[in-house]
Structures are given as C-alpha cells and as structure tokens.
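# What follows is a protein structure lacking sequence information:
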C-alpha cells in the first residue's frame, strides 16, 4: 500500500502533510501558562483557526502543489477527494504570542555584581534576570496538539539565557554564593499608594539577607517590627470577616513573592497559609502566602550545603525575589492549577454605626467566590540517584459577602438598624 501511495504521489506531484488540528466539537478555551502567569484564550474569538482545502487519498492527507494544473490536475481530482477543513494558523498564533505573552516573558539577560562594602554590608549592583525567549515553533506544535487532542492547558516552552552573577567578595564566594538559583514574582497592579510604599519597605528587609545551611527562616523574623517607626503606613489588611487599615498592609505581597522564589528553588516549605479569600494581587490563585506576625507566617529551610542570599526589587507593578547560592542538582516544575468546589458569596451583610456621619457608607469587604485550589510541585533529582518528589499545595478560599457599615443618627435609627447590628463592628483596630 505504501509503495502504491508514494508512486501516486510522485506521479501527481502531491506531497504528504502533517495532520491539522481540528477545532470542531473540541475545546473552547485554552490556558497558556508559565510558572506564575496564565493566559486564557477563547478559541472562538482568537482568530487562530483558518479554513483550508483538505485532500485525502485512501485516508492519507496529501498536499496540493501550486504547480499542478491542466490535465495533471484533472487526473489528480479523479484519485483525491477534496473537502474544507479547519486548522490552526501558525502566523495568527505567533502574532498572538508576540503581542500578549511576549511582553511578560521575553527579556534580555540582566547581570548583577555582589560585594561586601567597607561597612560590612552586602551591596548589589543591578538585579539578575535570566534572559527568556518563547520557542515559537515548539509552542505552535504544542498548541496545535492541544486543540486536536482536546487538552485544555499548554505550558509555554521557554529558552533560558543565564544571567552572569559577578561575586566580587571572596567572603561571599567562600559562603557559596555563586549563581542564581531561582526567581519569584508577583503582580501588585492597582495597589494604592500606601500599599506600594509598604511593599517597597518590606522587600528591602529581605535584600542582602544570608540564610545559613540547614536553618529555618521565617518572613516574620526577617521583617521584624511592623509599625510607623519602621517606615510602614496604614493600609488594608484582612482581619477576620473584614478588611481594615493597619500598619504594614500589603506585606503579604512581599511574603508571597519570596515564597514563590523558594518554592521554585525547591527549598522545603515548613509554614505557608493561603489568604482566607482569593485576592486578585496574588493571581494565579493558589500560590500566595499570607503573613500576620507572629502567626500566620511563611517559613522555609535552606537545605543546601552552603549559605543562600536573598535579593528583592520592584519593576513597574511587579515584585521580584532572587535566591543566590550554590547550584543544586534538582529540577522543579509547578503543575496546575486545578480549581474546584466553587461556592457563591453569601448574602450581603450590613451593619450600622453611630461613629460615622448618618448616610455615610464604609465598605469593609467585597463579595468573593469561595473555591479550592491545588498545585503540585514536582522536584526531580539526578544525583546521587534519580528520584522524583511530588508535593501538593492546597488552598481553601472562603466565600465572602459584601460587607458595608452605614452611619446612622442614634436618635432616629432606621427600622432595619436593630440594636444587635448597631456599633458592633470596629471600623479600625
């Protein structure tokens, strides 16, 4: 059969093609992801698909050459069946990736120099970023296969160009500071002024921190005292069933960023708590780490044989944390997320207060869906013997009602303002 097929192809000037991915009766949404970014693509609106003439001979798809005309074309038509089919357009996929995902992923490597200055303080010149490039050809193949096989998620293939880590002090070299082990990131877009300030102050506490081998370190320990004397401003924090201003609001952005760095670095996580409800600052959900010293806290162990060094910074609306140290012979992959057990927000909650002007409203919380989230951290070791460890990262986010406090006149309260709902909620702590 194959011999006859190839003879026919040679005679007619046709060529075999790879099967196209067909969207008919397939998935409608495709997730593209990296470790800390997810893009959801509506395939019905993405303009990735195109109609093309599909030609088959005995179940084999063949390509119609542009040079085939006249009698040869007519003869070919007597052997080959032609029909319209839908396939993935490489040019459209690449255009989407270049426009939507490339700005978040593609970057040139940025080097860093690290030294101990005359005052004994660790000093950084620059912030190390490994260079990154989307592998468009491989990405297209994976997307095409996902659509064809009805796979809803594609991990985008990325080429890494290592940054150069210049360690200028012998003392740091002796401590094992050699290379960039991992980078964590989070996005604090739309944060108010005070929250941004607290994030910067909190991140600065981590930069230059050395963690000895075999020791457990907590974010609360590194941050220390959090109040006005240490540079923090009042900003919203989650306290029980409300969100109120307190000094240091926004520090969970710091702990989440550092958590993601040590997570992708493969370090053991000994304490981590998700937020009570899903907060947009920590997308993708399920990789957040809330703190409120002394508890809850985010803690990890340096399980390498040498010291590790932390560095933090912000670029635009993103926070970054780097871990430097001695190369570790392990590969870390984050699998997920899986979201499930969704719950609708409860009915809106309203309380009343005589402490604010009548008619004024103070919103103490927005409505939030409840759900559960699972990720898995896969750590692959090559030495001393190959092994793989799979760890579940579970988060349980509560549904929350919209929570509003309305000011009333104590001498003339509205009928719905019953005594058990008047001045029962503190507006700040």
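Perfect, I can see it now. Since this is a predicted model, take the numbers as computed values, not measurements.
# what's the pLDDT at residue 1?
As predicted, residue 1 sits at a pLDDT of 41.
# Oh, that last question was meant for residue 260, not what I typed.
98.
# looking at this, it is in a helix?
Yes: secondary structure of residue 260 (DSSP: H, G, I helix; E, B strand; the rest coil): part of a helix.
# give the contact list for it.
Counting by CB atoms under 8 Å, 6 or more residues apart in numbering, residue 260 touches 35-36, 184-186, 287, 321. (Glycine included, C-beta is placed from N, CA and C.)
# Among the residues you listed, filter down to the buried ones and hand me the PyMOL syntax, if you would.
Provided next is the PyMOL selection string for whichever of the contacts of residue 260 are buried by 16 or more other CB atoms under 10 Å:
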select buried, resi 35+36+184+185+186+287+321
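# Using a markdown table, lay out the contacts of residue 260 together with pLDDT, secondary structure and distance to residue 27.
What follows is the contacts of residue 260, written out as a markdown table (pLDDT from 0 to 100; DSSP: H, G, I helix; E, B strand; the rest coil; distance: CB to CB, whole Å):
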| residue | pLDDT | secondary structure | distance to residue 27 |
| --- | --- | --- | --- |
| 35 | 89 | coil | 23 |
| 36 | 91 | coil | 23 |
| 184 | 97 | strand | 31 |
| 185 | 96 | strand | 28 |
| 186 | 96 | strand | 29 |
| 287 | 97 | coil | 24 |
| 321 | 98 | strand | 35 |
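# ok, so of the contacts of residue 260, who is nearest residue 99?
Residue 99 has its nearest neighbour among those in residue 36, at 19.9 Å by CB to CB.
# By residue count, what's the longest strand in this protein?
Secondary structure of the chain per DSSP state E: the longest strand is strand 330-343.
# Give me the contact list for it.
Residues outside strand 330-343 that contact it (CB under 8 Å, 6+ apart): 35, 38, 182, 263-266, 284-287, 369-382, 393, 399.
# and these, which are buried?
With burial judged by 16+ other CB under 10 Å, the buried subset of these is 35, 182, 263-266, 284-287, 370-373, 375, 377, 379, 393, 399.
# In strands, which of those fall?
Those of the buried ones among the contacts of strand 330-343 lying in strands (DSSP E): 182, 370-373, 375, 377, 379, 393.
# Between those, which sits nearest residue 82?
Ranked by distance to residue 82 (CB to CB), these are led by residue 375 at 46.9 Å.
# my guess is that closest one contacts residue 274, does it?
No: using CB atoms under 8 Å, residue 375 makes no contact with residue 274, being 10.8 Å away.
# Overlap in contacts, the two.
Taking CB under 8 Å, 6+ apart as the contact rule, residue 375 and residue 274 both touch residue 286.
# Return the residues in contact with the residue nearest to residue 30 when sequence neighbours are not counted.
Using CB to CB, 6 or more residues apart in numbering and skipping the chain neighbours, the partner closest in space to residue 30 is residue 41 (4.6 Å). Counting by CB under 8 Å, 6+ apart, residue 41 touches 29-32, 48, 96.
# most neighbours, which of the residues you listed?
residue 48 (24 neighbours; other CB atoms under 10 Å).
# Would you indicate which residues of the longest strand of the chain are buried?
With burial defined by 16+ other CB under 10 Å, the residues of strand 330-343 counted as buried are 330, 332, 334, 336-337, 339.
# Show me the shaky parts of the stretch 51-200 of the chain.
Low-confidence segments of the stretch 51-200 of the chain, defined by pLDDT under 70: 59, 61-68, 72-73, 76-77.
# Is the nearest residue to residue 158 once chain neighbours are set aside bridged to anything, and to what?
With sequence-adjacent residues excluded and distances taken as CB to CB, 6+ apart, residue 158 is closest to residue 132, at 5.3 Å. Residues in a beta bridge with residue 132, per DSSP bridges, are residue 107, residue 160.
# Residue 132: neighbour count?
17.
# That one and residue 186: what is the separation?
Residue 132 is 17 Å from residue 186, where distance means CB to CB, to the nearest Å.
# And for residue 369?
From residue 369 to residue 186 the distance is 21 Å (CB to CB).
# and if you look at residue 344?
From residue 344 to residue 186 the distance is 27 Å (CB to CB).
# same deal with residue 29?
Taking CB to CB, one finds residue 29 at 24 Å from residue 186.
# Check residue 218 too.
18 Å.
# does residue 331 have beta-bridge partners, and which?
Counting by DSSP bridges, residue 331 forms beta bridges with residue 380.
# Now do the same for it: its pLDDT.
The model reports residue 331 with a pLDDT of 93.
# Could you do the one 3 residues further on as well?
At residue 334, the pLDDT value in this model is 95.
# Residue numbering should commence at 714 henceforth.
Taking 714 as the first residue, the last one we looked at is residue 1047.
# Distance to residue 868 added to the ones in strands among the buried ones among the contacts of strand 1043-1056, as TSV?
Formatted as TSV, these follow (distance: CB to CB, whole Å):
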residue	distance to residue 868
895	17
1083	28
1084	22
1085	22
1086	18
1088	13
1090	14
1092	17
1106	17
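# Quick check: the two most widely separated of these?
895 and 1083 (31.2 Å).
# Kindly state the domain boundaries assigned to the chain.
715-801, 888-1134 (automatic domain parsing).
# Ends of the longest one, what's the gap?
Meaning domain 888-1134. Using CA to CA, to the nearest Å, one end of domain 888-1134 lies 60 Å from the other.
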